[in-house]
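Peer 1: Any chance you can model this:
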Amino acid sequence: MGACASSPCNPLHRTATYTLADDKVMQLISAERCSERCADGRYALHYAAASGCASASICAAILDAYPEAVRTPDRDGHLPAHAAAQSCGSVAVAEKILSAYPEAVHKKTMFGKTPPDRARAYNPSDEVKAIFEAVAAELPPPPSRQPTTDRTRRSSRSAARSGSSRSVHFSAAVAVAV
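Peer 2: Alright, predicted model coming up:
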């Protein structure tokens, strides 16, 4: 999987960006072209999702040829879902990308934006915005992980050795909350 010198870089990337007949684009879809990344880290699926011109069948064919693209961010952390949320006017394309990787609604770019954030800020289609919002509402966000430091490791080890009542209080709080 090589990187291209420019963006969009191969014929599939260019045609997925512009309005062309589906049969013309379908002729260009191959696993090799779909797995090729440009210098900015984008795959054909990023371009198809962002263009708003690609049909759901084009996105489905690209997904079939290289399914890993839906889960792979570009160098700025944008997934195809971020691209679709920002620019896609097609409900069918947004649904196709989200059905392949619904958890993408909670993934943040290096700028801290999720696909629903991008849809609210940039997408003119109320229907596409609603799809991203609905999927985000259905899927709970992943639990946040706190970084482990030497201090937290030491305090948890000493609590375990001393038989600290913290765990008892925590268990009681969880039982009350449930």
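
Peer 1: Report how many residues lie close to Asp126.
Peer 2: 9 (other CB atoms under 10 Å). To be clear about C-beta, it is placed using only N, CA and C from the backbone, and glycine gets the same treatment.

Peer 1: Against which helices or strands is the helix or strand where Ala85 lies packed?
Peer 2: Per DSSP states H and E: Ala85 is located in helix 80-87. The helices and strands touching helix 80-87, judged by 3 or more CB pairs under 8 Å, 6 or more residues apart in numbering; DSSP states H and E, are helix 44-51, helix 91-100, helix 115-122, helix 126-138.

Peer 1: try 7 Å
Peer 2: Packing partners of helix 80-87 (3 or more CB pairs under 7 Å, 6 or more residues apart in numbering; DSSP states H and E): helix 44-51, helix 91-100, helix 115-122.

Peer 1: Buried deepest among the ones you listed, which one?
Peer 2: helix 44-51 (a mean of 29; mean count of other CB atoms under 10 Å).

Peer 1: any idea how this protein splits into domains?
Peer 2: 11-141, 149-178 (automatic domain parsing).

Peer 1: Can you add mean pLDDT and give these back as TSV?
Peer 2: Below are the domains of the chain laid out as TSV (pLDDT from 0 to 100):
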stretch	mean pLDDT
domain 11-141	89
domain 149-178	44
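
Peer 1: just these: most buried one?
Peer 2: domain 11-141 (a mean of 19).
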